[in-house]
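Enquirer: this one's structure only:
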């Protein structure tokens, strides 16, 4: 498929038949959010493979977590053949009620795999009934992989479930929260650091580092920062329910949107930032122009994770680079603007990426000048310059934009290294 033929992510063909239980399944996205929150019970419901890998991921998380870190109580419920034929309502209702009444349990989250779609069982009514009887928060998160594209949809669903039903809280003066971040480093990201240096309090980082108490206190913050697209739904929900404004710093390689995000933050805080924002934008634009002669006309494959694919390819295209193949991972742009703008400049091949072998096979077919994204040792066999934009620790704003320009400059060779200095 070519970019200009794009209709939906699920319509993009795969270049590999490999199936990875995790990268593309929303079940694991929901687990990634919920397994690090203490005081809740996380119930996985699915077939043997689903619940095995889900429980394995939960155990790995617990083993790798810092000492003393909170974690949820995880139960894996395997569906039998009889369950698939006769249904599961009575047994599930009994188990949910037992868990909800368990001492210390503050909430129960039922995450169902795609196999549960086949039952046509009204599980939402089960969850609602138990919630009414016990007075505890219960939530159903159906991760229907037959109808979804990536595990990020599971993360978004889990985050929405966590903030559903929150109650108003007294305002916390000069307090803000960061939404969507699932990796370390957000507390030092450019906009967060700016706010903390001016006396603002970082209330929480959801979902990377947030307790139930912090989540319940979210309605009291003055505003939120969205540093990753998975937090956009939560930000909109908090704005709709409690009037809490949010600023989007998730569009990390669109210079105009970065500039507008900083202007919005200046309006919210009353900080006189016009001259600083103008200077930062001019510097970023000047660095882009300085880099253009080094990378202009160069072809690239794209396989970067976490960043929005069409936005990032448009960023590279505006530097004069030419996309010849885009491997879509699990992240998608939240709007069509970048995709349509990119399609006006180029018409690269578009593929879903199921494995690193797929990328290597395409490299063997046609070798670009640059490969953008994570790559294994095999890439060394090909005469390509490799750039993997650093997304951990988490960064945003003008700082991240400049960092990506510097990485491209480094990859361009000796001239690029001089540029980076």
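Expert: Okay, I see it. What you are looking at is a predicted structure, and each value in this text was computed from that prediction instead of being measured.

Enquirer: quick one, strands of this structure?
Expert: 40-46, 73-78, 107-112, 138-142, 175-181, 201-207, 223-226, 246-248, 299-303, 322-328, 349-352, 370-373, 385-387 (DSSP state E).

Enquirer: nearest to residue 156 among these would be which one?
Expert: Residue 156 lies closest to strand 175-181 among these, at 8.9 Å (C-beta to C-beta). From N, CA and C alone the C-beta is placed, and that goes for glycine too.

Enquirer: can you list the strands that that closest one pairs with?
Expert: strand 201-207 (parallel), strand 223-226 (parallel) (DSSP bridges).

Enquirer: now the shortest one: mean pLDDT?
Expert: Confidence for strand 223-226, expressed as mean pLDDT, is 98.

Enquirer: I'd like the strands of the chain as a markdown table, with distance to residue 239 and mean neighbour count appended.
Expert: Formatted as a markdown table, the strands of the chain follow (distance: least, C-beta to C-beta, whole Å; neighbours: other C-beta atoms under 10 Å):
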| stretch | distance to residue 239 | mean neighbour count |
| --- | --- | --- |
| strand 40-46 | 25 | 25 |
| strand 73-78 | 32 | 18 |
| strand 107-112 | 23 | 26 |
| strand 138-142 | 21 | 22 |
| strand 175-181 | 11 | 27 |
| strand 201-207 | 15 | 21 |
| strand 223-226 | 8 | 25 |
| strand 246-248 | 6 | 22 |
| strand 299-303 | 32 | 23 |
| strand 322-328 | 29 | 22 |
| strand 349-352 | 33 | 21 |
| strand 370-373 | 33 | 24 |
| strand 385-387 | 36 | 18 |
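
Enquirer: of the ones you listed, which is nearest residue 278?
Expert: strand 246-248 (18.2 Å).

Enquirer: what lines up beside the closest one in the sheet?
Expert: strand 223-226 (parallel).

Enquirer: can you tell which of the strands of the chain is closest to residue 396?
Expert: The nearest among those, by C-beta to C-beta, is strand 223-226 at 8.1 Å.

Enquirer: list the contacts for the nearest residue to residue 246 once chain neighbours are set aside?
Expert: Sequence neighbours aside, residue 235 is the residue nearest to residue 246 in space, at 3.7 Å (criterion: C-beta to C-beta, 6 or more residues apart in numbering). Residues in contact with residue 235 (C-beta atoms under 8 Å, 6 or more residues apart in numbering) are 179, 224, 226, 246, 248.

Enquirer: burial measure for the nearest residue to residue 318 once chain neighbours are set aside, as a count.
Expert: Nearest non-adjacent residue to residue 318, counting by C-beta to C-beta, 6+ apart: residue 288, 7.6 Å away. For residue 288, the neighbour count with other C-beta atoms under 10 Å is 18.
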